[in-house]
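K.L.:
Got a predicted structure plus its sequence, pasted below:
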Amino acid sequence: MSPPAKPSGPRRLRFILIAGVALLVVLLAAWWISAHTATEYASFTRPDGNYRVVVMRRPVWPALMPGQAGDAPGEVRLYDRKGKLLHKAEIEMVQLVDQVEWGERSVRIKLVAEWELPD
Amino acid sequence: MRIRFLTALILAAPLASLHAQIDPATIPKRPALPVDRDSNSASDYFYFGGSVLGKTPERAAAAFYWASRLDPTWADPFYGRYVALLLAQPEMVLTGYLTRRPGTLRDPIVRRIDSLAYQALLRNPFVDRRFDGVLLEEWLFRETGGTVRLPDLAASNPRFAGWLAYANGRFQEATAFYATALARGRKDPTLHLQRALPFVALGLMDSARSAVQTALTLLRGSDTAQALYAYESYPFAEYSVGVLFENGNQRDSAQAAYERALLDDLTFFPAHRRLARIRLAAHDTAGAMAEYTRAAETGPPDAGGLFELAVLLASTGHTDSAVTLLRHATEDEPWFARPHALLGLIYERSGFRPEASDQYRSFLRLAPRSMATEIQAVSRRLAALSDSSASPRTKRLDRDEVAPGAIQGRPGITARSPDPSHRPGRLASADSAPHLVRDHPHANQRARMALTLTNIPAIMRSHSWGNGARLMDIWFDRTSAVAPAYGPPETATIRMDTWVLTFPRAKVVYDQLITDRIWANPAGQREVGAMLKRKSLLSAGRTFGNLSLPVQNQDADYVNFRVVSFGATDLDDMSAALGNFTYRVLVAGSVAAGPGGAGFQVTVTEIGVYVRDSYDFNGDQFLGFWDDSDNAVSMVNPLSGTSVSNSDFRAWRTANGKGGDYMVLSDVKRTVLRTPDVFVVR
């Protein structure tokens, strides 16, 4: 039995293009799902309740070992009392956010971010 | 003059030089015991060996050999055989050994004999060494034709007098002689180590511990880079201290000593075995199994150790793994009776009646008469098996039912001769070890289990992921807590030198952060300043940082960090336990006035690095496919088992009121900086 003939010339190019586009679609879909399925991991509220730092976590693909939810990447966000997003920053691991120091006019997340608070 | 020369020879020739490799020994013929003695009894062979040691050392050596076969957990027969085999050597060889003649010490036979002493000391650092007296007395007789006797030597030397008093069982006198000797030369660690022996024999454990700790201090303070004898090495001395603490029921101190021993030598497997016993006594089953596994990975096979681990496994419901180990134990040492009883019991409980009967018969054939209670119990079970037609069943075994007293056993359990065909790593590996369910001819009698979440630690253990299993067990055992409102941090599992830095991917990041001196880069300097201000330490003349404090008390003061990540191919204990994690860096040093009065000059003289990792189940996260019927696990293959996700663990927490998130913290690895970092903080 002879092996199937390889696609040649324009047919081969079309095959490569279709495969490439399909792969790109899959990657984009994975990115979109990942970016839009972030869930709240932890939050830190200023004692007067006027501001809140929220750590959003994105799932890791394909899987993590049990107990390692804090290893996932994500985003740290600063909201005001009305829920308006004031600042955000990417973080390598959500567990990196653990010391949030509130000031009158600023918030400092140790070794992650420092943000001014609005007047 | 002659007496002085001989004394010097003897004192310069410690009897247990301990660096030799162990070769398979020639199996001696089993000596005939007196008619009223029990040929299944290790004790009877041992005492018989002692009774004929001076006259017929060959027979004594054979008797000690068979005592060590019948009970491989007992240290004394190994030491007895060491002495007996030395006595059985030609005079020239014995003299060469005692005077440490290099040519003699290189002799393969001598090295094989020498290794027996080490095996004894590893089983019990304070093994009774009174047979040394017989050895030297005989040697002295050969050398001098009886014109000089040991007491003649002792008259002029309190150290030798102490040793002789110990060898003759006059322990109180021995301590007094050693005290006199120490008054003359307090900086001799060997003298302090020798003095510990009569203290132990007198039951004065505190005094013995003090003697060993003094020796340890002297050893650490000496300029000698490497100990002459293994029993004078740091790990061995720390190990000895740990044994003394353990015998005094001071388990925390014992644990600390064993951990120090491992800091000095990660491969010092007896410390792992002792740590396992301590963790077991503290009902930390996962930790105990992890330590046993480490011992197996770093030490030679040992039927006694395998038996202990099997008891532990069986008593916690891991009967399949227990069977595997018991099979190995019976193969490693076919004359060791106790594993057969436990194997029979597990087979019986699992419904494998013919196999159970075989094992019970083996036990009855091998058991000494001193095990009368066990013999009766096994005989009853064997009779019941013959009579009844009970259906197959499985049942978790109670520890007392498994083997009364088996776990505590005889103190000082360690190794037997290494055999290249039995290498570590086989202990809990489902891939390499026979498995009761898969391999047994009656396996189809047992139903395949669905995944139980709390069985995941056992699956991890089957892959030798001991720390991963332990951390998960801790989560299951804790009261409910949800990150970031963590429960108390876990600080006892992860160790920097003995575990973390043995993984290349972790070592690379550690080395890089040291090279980069991240405590003194711009971010580090900024955090040092912030930390000093927060603690009101930013003023001239102040010092900061106490790296000896518990790590949880210092965690807030870290000044920089680095992330360690794992890749798709890094499926190992580190990924199971920590996955990705951070190194955090602490600093210690002093503050002075800044140049020209501007700001403050901070000098960092010491740093500490530790691991910090969150153990929690927040957010949506798939956790792989797990199967506790065959211990399979895969991150991607759905055919490998049941899908598990974070929500399963949260549901378990809700249903059981347990399952506590916590922070994992390692010990702090301290480094004194050769060149302190100096910078200005404003």
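P.N.:
The structure has been received and is ready for your questions.

K.L.:
Sketch out the helices for the stretch 501-650 of chain B, chain order is fine.
P.N.:
Ranges of helices within the stretch 501-650 of chain B are B:504-516, B:522-534, B:551-554, B:573-577, B:646-656, based on DSSP state H, counting those that start in this stretch.

K.L.:
any chance of these in a markdown table, plus mean pLDDT and mean neighbour count?
P.N.:
Where C-beta positions appear, they are placed from N, C-alpha and C, glycine not excepted. Conversion of the helices of the stretch 501-650 of chain B to a markdown table gives the following (pLDDT from 0 to 100; neighbours: other C-beta atoms under 10 Å in any protein chain shown):
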| stretch | mean pLDDT | mean neighbour count |
| --- | --- | --- |
| helix B:504-516 | 95 | 14 |
| helix B:522-534 | 94 | 18 |
| helix B:551-554 | 93 | 15 |
| helix B:573-577 | 94 | 26 |
| helix B:646-656 | 88 | 16 |
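
K.L.:
can you redo the ones you listed as JSON lines with distance to residue B:143?
P.N.:
What follows is the helices of the stretch 501-650 of chain B, written out as JSON lines (distance: least, C-beta to C-beta, whole Å):
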{"stretch": "helix B:504-516", "distance to residue B:143": "54"}
{"stretch": "helix B:522-534", "distance to residue B:143": "67"}
{"stretch": "helix B:551-554", "distance to residue B:143": "58"}
{"stretch": "helix B:573-577", "distance to residue B:143": "55"}
{"stretch": "helix B:646-656", "distance to residue B:143": "72"}
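
K.L.:
I'd like these laid out as JSON lines, including distance to chain A.
P.N.:
Below are the helices of the stretch 501-650 of chain B laid out as JSON lines (distance: least, C-beta to the nearest C-beta, whole Å):
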{"stretch": "helix B:504-516", "distance to chain A": "13"}
{"stretch": "helix B:522-534", "distance to chain A": "6"}
{"stretch": "helix B:551-554", "distance to chain A": "13"}
{"stretch": "helix B:573-577", "distance to chain A": "5"}
{"stretch": "helix B:646-656", "distance to chain A": "6"}
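
K.L.:
Closest residue of chain B to chain A?
P.N.:
The minimum distance from chain B to chain A, using C-beta to the nearest C-beta, falls at residue B:614 (3.2 Å).

K.L.:
What is the burial count for that residue?
P.N.:
Neighbour count of residue B:614, defined by other C-beta atoms under 10 Å in any protein chain shown: 28.

K.L.:
nearest spatial neighbour of it, skipping sequence neighbours?
P.N.:
residue A:70 (3.2 Å; C-beta to C-beta, 6 or more residues apart in numbering or on different chains).

K.L.:
Surely the one you found is in contact with residue B:612?
P.N.:
No - in this structure residue A:70 lies outside contact range of residue B:612 using C-beta atoms under 8 Å: 10.1 Å.

K.L.:
The two: which is more packed in?
P.N.:
More crowded of residue A:70 and residue B:612, by other C-beta under 10 Å: residue A:70, with 32 against 22.

K.L.:
list the contacts for the more buried one?
P.N.:
A:41, A:93, A:94, A:95, B:483, B:613, B:614, B:615, B:616, B:618 (C-beta atoms under 8 Å, 6 or more residues apart in numbering or on different chains).

K.L.:
So which residues on chain A come close to chain B?
P.N.:
Counting by C-beta under 8 Å from any C-beta of the partner chain, chain A comes close to chain B at A:37, A:39-42, A:44, A:57, A:59-60, A:62-72, A:92-96, A:98-99, A:110-111.

K.L.:
Swap in 7 Å and give it another go.
P.N.:
Those residues of chain A that sit near chain B, judged by C-beta under 7 Å from any C-beta of the partner chain, are A:37, A:39, A:41-42, A:57, A:59-60, A:62-72, A:92-93, A:95-96, A:98-99, A:111.

K.L.:
so what's the backbone phi/psi at residue B:202?
P.N.:
Dihedral angles of residue B:202 (phi, psi; degrees, to the nearest 10) stand at phi -90, psi 0.

K.L.:
What is the burial count for it?
P.N.:
Residue B:202, neighbours per other C-beta under 10 Å, totals 14.

K.L.:
Residue B:236 now?
P.N.:
Applying other C-beta under 10 Å, we find 28 residues neighbouring residue B:236.

K.L.:
Now do it, the pLDDT please.
P.N.:
If you check residue B:236, the pLDDT there is 84.

K.L.:
what's the answer for residue B:54, then?
P.N.:
So, for residue B:54, pLDDT stands at 83.

K.L.:
Next up, the contacts around it.
P.N.:
B:134, B:138 (C-beta atoms under 7 Å, 6 or more residues apart in numbering or on different chains).

K.L.:
Residue B:620 too?
P.N.:
Residues counted as contacts of residue B:620 (C-beta under 7 Å, 6+ apart) are A:37, A:39, A:59, B:646.

K.L.:
that older thread, mark which of the residues of chain A next to chain B are part of strands, please.
P.N.:
Counting by DSSP state E, the residues of chain A next to chain B place A:39, A:41, A:42, A:57 in strands.

K.L.:
which residues does the last one bridge with?
P.N.:
Looking back up the chat, that one is residue A:57. As for beta bridges, residue A:57 partners with residue A:39, residue A:74 under DSSP bridges.

K.L.:
What count of nearby residues applies to it?
P.N.:
Applying other C-beta under 10 Å, I find that residue A:57 has 26 neighbouring residues.

K.L.:
Looks like it contacts residue A:39 (just checking).
P.N.:
Yes - with contact defined as C-beta atoms under 7 Å, residue A:57 reaches residue A:39; the gap is 5.8 Å.

K.L.:
quick one: common contacting residues for those two?
P.N.:
The overlap between the contact sets of residue A:57 and residue A:39 (C-beta under 7 Å, 6+ apart) consists of residue B:619.

K.L.:
returning to that earlier point: from the residues of chain A next to chain B, list the buried ones, please.
P.N.:
A:39, A:41-42, A:57, A:59-60, A:63-72, A:93, A:95-96, A:98, A:111 (16 or more other C-beta atoms under 10 Å in any protein chain shown).

K.L.:
can the contacts of residue A:70 go into JSON lines with extra columns for distance to residue B:360 and pLDDT?
P.N.:
Below are the contacts of residue A:70 laid out as JSON lines (distance: C-beta to C-beta, whole Å; pLDDT from 0 to 100):
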{"residue": "A:41", "distance to residue B:360": "56", "pLDDT": "89"}
{"residue": "A:93", "distance to residue B:360": "55", "pLDDT": "95"}
{"residue": "A:94", "distance to residue B:360": "56", "pLDDT": "95"}
{"residue": "A:95", "distance to residue B:360": "53", "pLDDT": "95"}
{"residue": "B:483", "distance to residue B:360": "51", "pLDDT": "87"}
{"residue": "B:613", "distance to residue B:360": "48", "pLDDT": "97"}
{"residue": "B:614", "distance to residue B:360": "50", "pLDDT": "96"}
{"residue": "B:615", "distance to residue B:360": "44", "pLDDT": "97"}
{"residue": "B:616", "distance to residue B:360": "48", "pLDDT": "95"}
{"residue": "B:618", "distance to residue B:360": "52", "pLDDT": "90"}
